[in-house]
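Asker: just coords:
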């Protein structure tokens, strides 16, 4: 008989059995840190916008091949359902409930939130969404996210380094150099986190509070997917980064430019490293500067580089915010739970049977 994963449409009894008393509180996303970061981001982008030749940007856009631009946009947004499928496959060993489509929607939504809050707080929110939508402990969800972040970070860093040296022969400008350094820090930090939790799980020090020990164990449980799932996870990861590369390829070719594979990879991976800058949401402002400089390095003129940068950020960042807002408005129709509904239920003093699953970390 074929082995089956937990049902996509039923409440997970194993998850309920592992819970203990407590109150679920959503992560604190909206505070002074978000206001300050948002204000700095808007100021930064406003300053950058003052240097943009908007009539030239419009002329370049009018002359562009819209079919290629739409194809590139489709490639980019197709990565979200693939990311959702990958995340689900990475946690298939846990008692989860929820379809692959819902995982894709949650991934899209928490990345929307990540575009609004600094310091990658969107990852903490992702763990909370996993909790209230799929019955997964937040510690386990965070463990899975850290593993995938580490996997992506090393792939992006390796491709960015190879493309940079192949194209620039080691003469790296400061913007590229700092992006690579930042990517290296993230990759090593994610790896160090995983190694630290592996060590702690083998022998937990006595000084660690009893309340924290189950969280460490849950983190380790979520962090390592089944060995049999690794080929699928790696294949889906390859699909994700192939789609992201195609997104940049079609964007550039839509403006009538032809680049070789190393240049396309360079334009894809180096700005992604800048998106990890923690002081602005998704590195907003820094990504624009890095992408523009990378486009200039591959030989594009300033008006053309500015046009591609503006359209890239409109589709990747601003349109995502708009679409994320639409998803939030339609969340009940889409049957996606968010922190607002859960907090409202707790405030009202009620807890429907479904929410009895979510009482711990």
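Answerer: Everything's here; your move. Small disclaimer: the values here were computed from a predicted structure and weren't measured. Numbers count the residues shown, from 1 in each chain.
Asker: helix, strand or coil for the residue lying closest to residue 157 once chain neighbours are set aside?
Answerer: Once its chain neighbours are removed from consideration, residue 157 has its nearest residue in residue 183; the separation is 4.4 Å (C-beta to C-beta, 6 or more residues apart in numbering). Using the backbone N, CA and C atoms, a C-beta is placed for each residue, glycine as well. Secondary structure for residue 183, judged by DSSP: H, G, I helix; E, B strand; the rest coil, is helix.
Asker: and residue 183, what does it touch?
Answerer: Under the criterion of C-beta atoms under 8 Å, 6 or more residues apart in numbering, the contact list for residue 183 reads 153, 156-157, 160, 273, 276.
Asker: list just the nearest of these to residue 265.
Answerer: Using C-beta to C-beta, residue 160 is the member of the contacts of residue 183 that sits closest to residue 265, with 7.7 Å.
Asker: how much space separates the residue lying closest to that closest one once chain neighbours are set aside from residue 191?
Answerer: In space, residue 160 comes closest to residue 269 once its chain neighbours are excluded; the distance is 3.8 Å by C-beta to C-beta, 6+ apart. The gap separating residue 269 from residue 191 is 18 Å, by C-beta to C-beta, to the nearest Å.
Asker: could you do residue 286 as well?
Answerer: Applying C-beta to C-beta, one obtains 23 Å for the distance of residue 286 from residue 191.
Asker: which one's more surrounded, these two?
Answerer: Just comparing residue 286 and residue 191: by other C-beta atoms under 10 Å the higher neighbour count belongs to residue 286, 23 against 14.
Asker: before we move on, back to that, show me the contacts of residue 183 that map onto strands.
Answerer: Among the contacts of residue 183, DSSP state E puts none in strands.
Asker: out of those residues, who's the most crowded?
Answerer: Using other C-beta under 10 Å as the contact criterion, the top neighbour count among the contacts of residue 183 goes to residue 273, which has 27 neighbours.
Asker: so how far is residue 317 from the nearest residue to that one once chain neighbours are set aside?
Answerer: Spatially, and ignoring its direct neighbours in sequence, residue 273 is nearest to residue 183 (3.8 Å; C-beta to C-beta, 6+ apart). When C-beta to C-beta is applied, the distance between residue 183 and residue 317 equals 19 Å.
Asker: please apply the same query to residue 296.
Answerer: Note on residue 296: its distance to residue 317, by C-beta to C-beta, is 20 Å.
Asker: same check, this time on residue 230
Answerer: Here residue 230 is placed at a distance of 32 Å from residue 317 (C-beta to C-beta).
Asker: just to revisit the earlier point, test my guess that the residue nearest to residue 160 contacts residue 153.
Answerer: No: between residue 269 and residue 153 there is no contact, the gap being 10.9 Å when judged by C-beta atoms under 8 Å.
Asker: now do the SS call for residue 136.
Answerer: Reducing the assignment to helix, strand or coil with three-state DSSP, the entry for residue 136 is coil.
Asker: surely it touches residue 90?
Answerer: No: with the criterion set as C-beta under 8 Å, residue 136 and residue 90 do not qualify as a contacting pair; they are 11.0 Å apart.
Asker: what is in contact with these two at once?
Answerer: When contacts are counted by C-beta under 8 Å, 6+ apart, the set common to residue 136 and residue 90 is empty.
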